[in-house]
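**Q** got a structure for you, letters missing:
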Ligand SMILES: *[C@@H]1O[C@H](CO)[C@@H](O)[C@H](O)[C@H]1NC(C)=O
């Protein structure tokens, strides 16, 4: 009898119990940037992209900084909670062990990281997506030596993979003249370059055993406070928003191609561009009072780049779309997560979600990265 079937039957009988060599738990492996980082950059001592100071984390747990680049939960936290999956710890957390990985998965996300190795160079230290995949490869070897190949492969095949990067490739690379990518490419060829790279990365994850995988698209990133201060009128940067839209469109096509060609792959794309764009244009409709400036800011000094202990906080954090110059607040993340949950078709428990988000990228909308 097929060993996989045997393992599946065993798992059905033993849900929740751990017996030597059989691990049935579904966990997540998360690859991302500061929008999904849960503490990796805390351990990169030279990184300039960190969230170690108050008031990061003020609405999470004990309220102390925990490595998340927001006041509360990330989008991946909320989606994981909704699907009943444990929150994976940061890969660089010194308390990470094989048993912790088997119970909770791992989060490799790193502030400043991009799809491209060269992205975010001025943060000095960050884990690029290639590096994160390399680390996952090491994790797989660890699990394999603990469980044996058959169970380790099953554990990985059953896991949920989240890949959420791209904004830094624009904001902290292509759109900054200090990076050579800004003059080597144009808007079209740069998105093409990102897609070729992302395709290789997703293929590599598939080769390593990823079967259930979601790619999150970009929000209207031309509307993050940091982009708005680039113009005297404080308007969203339309070109940046258009780049996010073309990234989303191309990624959606890439994912549906891969999904149909790769054996046993359930690879999906989803973005929340439209809903975030709508919130930014009509904050009241969603219970927000501010959609253009950061809740945490240093008075008139803009952009402040990061939230600092000397900063002042807005009086109601749940009513601000943006927590700092780059990152959405917990309540905006809730809205984004709700939209993605819908797009990925989690509600109703169907594993055959309506594939890639259908042209959710037609109307120009901002990106939250
Ligand atoms: C990107 O970095 C990884 C190591 O993290 C390396 O293996 C890979 O060759 C690099 N890719 C490119 C295109 O430079």
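**A** Received, thanks. Everything numeric here is computed off the predicted structure, so don't read it as measured data.
**Q** tell me if I am right that residue 162 is in a strand.
**A** Yes: per DSSP: H, G, I helix; E, B strand; the rest coil, residue 162 lies within a strand segment.
**Q** what sits closest to it if chain neighbours are left out?
**A** Spatially, and ignoring its direct neighbours in sequence, residue 162 is nearest to residue 30 (4.6 Å; CB to CB, 6 or more residues apart in numbering). Backbone N, C-alpha and C define where each C-beta goes, glycine included.
**Q** for the protein, which helix is longest?
**A** helix 238-261 (DSSP state H).
**Q** how about the stretch 251-369 of the chain: which residue is closest to the ligand?
**A** Closest residue of the stretch 251-369 of the chain to the ligand, CB to the nearest ligand atom: residue 254 (17.8 Å).
**Q** just to revisit the earlier point, buried residues, the longest helix of the chain. List them.
**A** 240-241, 243-252, 254-256, 258-259 (16 or more other CB atoms under 10 Å).
**Q** if I read this right, the residue of the stretch 251-369 of the chain closest to the ligand contacts residue 194, doesn't it?
**A** No: applying CB atoms under 8 Å, one finds residue 254 not in contact with residue 194, separated by 9.7 Å.
**Q** what bits of the chain have low per-residue confidence?
**A** Low-confidence segments of the chain (pLDDT under 70): 1-23, 347-369.
**Q** in contact with the closest residue to residue 185 other than its chain neighbours, which residues?
**A** Of all residues beyond its chain neighbours, the one nearest residue 185 is residue 193 (6.1 Å), with distances taken as CB to CB, 6+ apart. Residue 193 makes contacts with 116, 181, 185, as judged by CB atoms under 8 Å, 6 or more residues apart in numbering.
**Q** how about residue 264?
**A** When contacts are counted by CB under 8 Å, 6+ apart, residue 264 touches 157, 211.
**Q** check which helix or strand covers it.
**A** Following DSSP states H and E, one finds residue 264 outside all helices and strands.
**Q** top of the contacts of residue 193 by number of neighbours, please.
**A** When neighbours are counted by other CB atoms under 10 Å, residue 116 leads the contacts of residue 193 with 24 neighbours.
**Q** any idea how far residue 175 lies from the ligand?
**A** Distance of residue 175 to the ligand, given as CB to the nearest ligand atom, to the nearest Å: 20 Å.
**Q** that residue: neighbouring residues, count only.
**A** Applying other CB under 10 Å, we find 20 residues neighbouring residue 175.
**Q** what does the protein put close to the ligand?
**A** For the chain, the contact set with the ligand under CB under 6 Å from any ligand atom comprises 117, 130, 131, 134.
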